[in-house]
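Participant: Please find the sequence and the predicted model below.
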Amino acid sequence: MTNIIETDKLNLFYTAFQALIDVDLKIERNRITALIGPSGCGKSTLLRVFNRMNDLIEGVKVSGSVKFDGKEILDNEIDLITLRKRIGMVFQRPNPFPLSVFENVVYGLRIHGEKRRSVLEAAAEKSLASVLLFDELKDKLNMNALGLSLEQQQRLCIARLLSVTPDVLLMDEPCSALDPFATMKIEELMTLLKKQYTIVIVTHNMQQAARISDECGYMLLGELVEFGETKQIFTAPVNKKTEDYITGRFG
Amino acid sequence: MRDTQRTERIAFAVLLIATIIVIIPVGLIVLLVLWRGLPALTPEFLLAMPRDGMRAGGIFPAIVGTFYLTLGTAAFAIPFGILAAIYLNEYAGQNWLTRVIEIAIINLAGVPSIVYGLFGLGLFVTFLGFGASILAGSLTLSIMTLPVIITATREALSTVPRSFREVSFSLGASRWQTVRHVVLPNAIPGILTGTILGLSRAAGETAPILFTVAAFYLPRLPQSVYDQAMALPYHIYVLSTQVPNVSVKIQYGTVLALVLMVFLLNITASVIRAKFRKRKTW
């Protein structure tokens, strides 16, 4: 099975407001899937369904089905800790803890009970190396992470996520707080990471979606209007609404 | 244009005067107490038992009593206050129970201190049979201090950015792990500051200890939590109204000792706050 995440008739309500309407989406393994659309279209909400982060908001009701690796994750019986270990998230603003670089990277391992110093150090090195940050920071592992540049902070946040060895990386506009050069570096990193991970990215930036994603979904007012290969979406969209958006007539 | 400038000047003057008026009483009290009390503040006065019906000797048992009461209050109020605040801020949903608890806390903060004293007398001294004791007094002061500690702790918890919690959850941490490893370490300075200020208020209270612990004249140190104890605020009241012919020097010396004790606690709170503010960088 190549689809790692599949949704079927997914509906989501914030109390009375319906934020997602009958979303059917299939996300393939080791691909970058981008979700685009205007503000408030539900793309971030959809992303947060996959690691059940919407549970933290009161009054959210979800119906339909979301399968991760063939298992239903909307089930109340599901182990959220395991789910979130396997489906990690990178946020809009880099948000390292006000701790040292090292403590940031090993945070996930620590809370999952790892105490051996050698294991933590090895994991920190491996994770930082995966985000191409180890050489830069190997002598500064004890410095406060808030002293890093924004791009380094965002890389560190990705490293913090990788240390718990997830399968899927959810990225919620990971570059919106970064300048174009830093954005480019993060995009390069994403292309590198896709060999090992499945990436789902929400972005406001259509060029970014066009540059990095393999597949792309256009959302509008809670509906997944069109979904398909990125090349096709950007060159020959089937739906008129998608065309309006990607050609800049709308949004 | 000229009118605007004139109103501006008048507004500035009025605001400044109002602010200065706030300082005057504090300044006068401190100066007066220092001027009249400082000569009395000898080591002998601080460390000796009272003699001659409290007209001579020292105030040592009252200092020790207030110290024990503050410690006892801390022992009860800090854990319950902080745990309640964590529940309300991190766990409780927006439902009727939460609202009832919040209203209860607000009302608890508004109850006059003499009512706490009578409540303590009824519940701890009489009903639970602790008698007038350090235990009963500490519990009474704790209840009075709880709303302060809960409110301060909730404020401190709320200043920890929401994004820290989200990241922690997204990495698979449970709610408690998130509180324990992310929220609390970043809220501790605020919690400490608020807690100490709450305790310093408790240390200076008279009405709640009036019926629950305070001894009129007890020239020995308490041996257990079931003993009565002298306490500085009540001792001041006794010296100034209940015992004839106490020298003014002793009265002011006792006041100064209490003011210094409370002041010391407040300074500690400020130092902690200043120290951690420098470290806080988000």
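Facilitator: That came through, no problem. Residues are numbered from 1 along each chain as shown, chains lettered A, B, ... in the order given.
Participant: ok, residues contacting stretch B:25-34?
Facilitator: B:Y252, B:V255, B:L256, B:V259 (CB atoms under 8 Å, 6 or more residues apart in numbering or on different chains). Quick note: C-beta positions are derived from backbone N, CA and C, even for glycine.
Participant: measure the second one to chain A for me?
Facilitator: What it means is B:V255. 43 Å (CB to the nearest CB, to the nearest Å).
Participant: surely that residue meets B:W35?
Facilitator: No - using CB atoms under 8 Å, B:V255 makes no contact with B:W35, being 11.6 Å away.
Participant: follow-up on the earlier one: in helices, which of the contacts of stretch B:25-34 appear?
Facilitator: Among those, the ones falling in helices (DSSP state H) are B:Y252, B:V255, B:L256, B:V259.
Participant: between those, which is nearest A:N144?
Facilitator: Of all these, A:N144 sits closest to B:V259, with 39.9 Å by CB to CB.
Participant: Now the closest one: closest residue in space that isn't a chain neighbour?
Facilitator: Leaving aside its sequence neighbours, B:V259 sits nearest to B:V33 (CB to CB, 6 or more residues apart in numbering or on different chains; 5.7 Å).
Participant: okay, B:V255 and B:W35: which has more neighbours?
Facilitator: The residue with more neighbours, out of B:V255 and B:W35, is B:V255; 22 against 11, by other CB atoms under 10 Å in any protein chain shown.
Participant: For that one, give me its contacts.
Facilitator: Contacts for B:V255 (CB under 8 Å, 6+ apart) come out as B:V33, B:G37, B:I236.
Participant: Count the residues that sit near the last one.
Facilitator: What it means is B:I236. The burial count for B:I236: 20, using other CB under 10 Å.
Participant: surely it meets B:T254?
Facilitator: Yes - with contact defined as CB under 8 Å, B:I236 reaches B:T254; the gap is 5.3 Å.
Participant: quick one, strands of chain B?
Facilitator: Using DSSP state E, the strands of chain B run over B:50-51, B:56-57.
Participant: For B:P222, which of those strands is the nearest?
Facilitator: Among these, if distance is taken as CB to CB, the winner is strand B:50-51, at 14.8 Å.
Participant: For that closest one, name the packing helices and strands.
Facilitator: Applying 3 or more CB pairs under 8 Å, 6 or more residues apart in numbering or on different chains; DSSP states H and E, one finds that strand B:50-51 contacts strand B:56-57.
Participant: domain assignment for chain B?
Facilitator: Here the domain parsing of chain B from automatic domain parsing is B:2-39, B:60-278.
Participant: model confidence over the shortest one, on average?
Facilitator: Regarding domain B:2-39, the rounded mean pLDDT is 92.
Participant: Quick check: residues of the stretch 51-200 of chain B near chain A?
Facilitator: When proximity is defined as CB under 8 Å from any CB of the partner chain, the stretch 51-200 of chain B approaches chain A at B:93-94, B:161, B:163-174, B:177, B:181-182, B:186.
Participant: please redo it, this time with the cut-off set to 7 Å
Facilitator: B:93-94, B:163-164, B:166-167, B:169-174, B:177, B:181-182, B:186 (CB under 7 Å from any CB of the partner chain).
Participant: Just the buried residues of those residues.
Facilitator: Among those, those classed as buried by 16 or more other CB atoms under 10 Å in any protein chain shown are B:163-164, B:166-167, B:169-173, B:177, B:181-182, B:186.
Participant: Need the residues you listed in a markdown table (columns: pLDDT).
Facilitator: Formatted as a markdown table, these follow (pLDDT from 0 to 100):
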| residue | pLDDT |
| --- | --- |
| B:S163 | 90 |
| B:F164 | 93 |
| B:E166 | 93 |
| B:V167 | 93 |
| B:F169 | 94 |
| B:S170 | 93 |
| B:L171 | 93 |
| B:G172 | 91 |
| B:A173 | 92 |
| B:Q177 | 94 |
| B:H181 | 92 |
| B:V182 | 93 |
| B:N186 | 90 |
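Participant: Which of the residues you listed fall within helices?
Facilitator: B:S163, B:F164, B:E166, B:V167, B:F169, B:S170, B:Q177, B:N186.
Participant: what two of those are the furthest from one another?
Facilitator: Farthest apart among those by CB to CB are B:S170 and B:N186. That separation is 17.5 Å.
Participant: In stretch A:31-39, which residues are buried?
Facilitator: Neighbour counts using 16+ other CB under 10 Å place A:R31, A:I32, A:T33, A:A34, A:L35, A:I36, A:G37 of stretch A:31-39 among the buried residues.
Participant: distance of the second one from chain B?
Facilitator: Same thing as A:I32. Relative to chain B, and taking CB to the nearest CB, A:I32 is found at 19 Å.
Participant: Quick check: bridge partners of that residue?
Facilitator: According to DSSP bridges, the residues that bridge with A:I32 are A:I199.
Participant: Just name the most buried of the strands of chain B.
Facilitator: strand B:50-51 (a mean of 17; mean count of other CB atoms under 10 Å in any protein chain shown).
Participant: Direction included, what does that one pair against?
Facilitator: Applying DSSP bridges, one finds strand B:50-51 paired with strand B:56-57 (antiparallel).
Participant: Please, where are all the helices along the stretch 101-250 of chain A?
Facilitator: Using DSSP state H, counting those that start in this stretch, the helices assigned to the stretch 101-250 of chain A run over residues A:101-111, A:117-130, A:134-137, A:150-162, A:180-193, A:206-212, A:230-235, A:240-246.
Participant: what's the answer for chain B, then?
Facilitator: With helices called from DSSP H, chain B shows them at B:2-37, B:43-47, B:60-86, B:96-110, B:113-120, B:134-158, B:162-170, B:175-178, B:184-204, B:207-210, B:232-241, B:248-279.
Participant: TSV for those, including distance to A:L56?
Facilitator: As requested, these are exported to TSV (distance: least, CB to CB, whole Å):
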stretch	distance to A:L56
helix B:2-37	43
helix B:43-47	54
helix B:60-86	16
helix B:96-110	16
helix B:113-120	38
helix B:134-158	16
helix B:162-170	7
helix B:175-178	10
helix B:184-204	18
helix B:207-210	40
helix B:232-241	46
helix B:248-279	27
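Participant: contacting residues for the most centrally placed residue in chain A?
Facilitator: What sits nearest the mean C-alpha location of chain A, by CA atoms, centre = their mean, is A:L170, with 1.5 Å. A:L170 makes contact with A:L47, A:F50, A:N51, A:I87, A:G88, A:M89, A:V200 under the criterion CB atoms under 7 Å, 6 or more residues apart in numbering or on different chains.
Participant: Which of the helices of chain B sits closest to A:T2?
Facilitator: Per CB to CB, nearest to A:T2 of the helices of chain B: helix B:162-170, 25.3 Å.
Participant: what residues are up against the closest residue to B:Q177 other than its chain neighbours?
Facilitator: Spatially, and ignoring its direct neighbours in sequence, B:Q177 is nearest to A:I111 (4.8 Å; CB to CB, 6+ apart). By CB under 7 Å, 6+ apart, the contact list for A:I111 reads B:A173, B:Q177, B:H181.
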